[in-house]
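J.: Model the structure of this input:
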Amino acid sequence: MKFMLSWRLHQEKRQAALKGFSEMTAADDAADMGDNIRLIGRWHDVAGGTGVAIFESDDAIAISKWALNWIPVLDAVVTPVLDDEETRALGKTRS
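T.: Below you'll find the model as predicted:
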């Protein structure tokens with residue numbers, strides 16, 4: 001399944017969050033997500049302190065663990081999402 005994680009950094013933690021994230025390597029990032037999450041893409045609104053990531057996983061616990069890693073510096077919302085192909089297939093089943 002695909003999910004969208006949107007976040008808003010805690011105002012007082014923005015600089016610490018940016019510093020911590022900027023010091024992560026690709027390997028650190030992969031370890032932070034774990035083996036059961038595949039990141040499709042991530043976009044940051046640095047000035048606004050918000051962002052969004054799209055990822056795939058069939059493991060709700062892995063998703064929760066990943067989100068909890070960042071809860072000290074941000075608020076996160078995880079939402080299941082469909083791509084165009086999945087949405088069109090769903091639409092064809094509706095009357």
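
J.: The protein: strands as residue ranges?
T.: Assigned by DSSP state E, the strands in the chain fall at 2-9, 38-45, 50-56, 74-81.

J.: Alpha carbons of the shortest one, in PDB - could you do that?
T.: By that I understand strand 50-56. Extracted as PDB, the C-alpha positions of strand 50-56 are listed here (Å, rounded to 0.1, in the frame of the first residue of the first chain):
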ATOM      1  CA  THR A  50       6.300  21.400   6.500                       C
ATOM      2  CA  GLY A  51       6.700  18.500   4.000                       C
ATOM      3  CA  VAL A  52       5.300  15.400   2.500                       C
ATOM      4  CA  ALA A  53       6.700  11.900   1.800                       C
ATOM      5  CA  ILE A  54       5.100   9.100  -0.300                       C
ATOM      6  CA  PHE A  55       6.100   5.600   0.600                       C
ATOM      7  CA  GLU A  56       5.000   2.000   0.300                       C
END
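
J.: which stretch among the strands of the chain comes nearest Thr87?
T.: For those, proximity to Thr87 was assessed by CB to CB; strand 74-81 is nearest, at 9.2 Å. (C-beta placed from N, C-alpha, C; glycine too.)

J.: so what secondary structure elements neighbour the closest one?
T.: Applying 3 or more CB pairs under 8 Å, 6 or more residues apart in numbering; DSSP states H and E, one finds that strand 74-81 contacts strand 2-9, helix 60-70.
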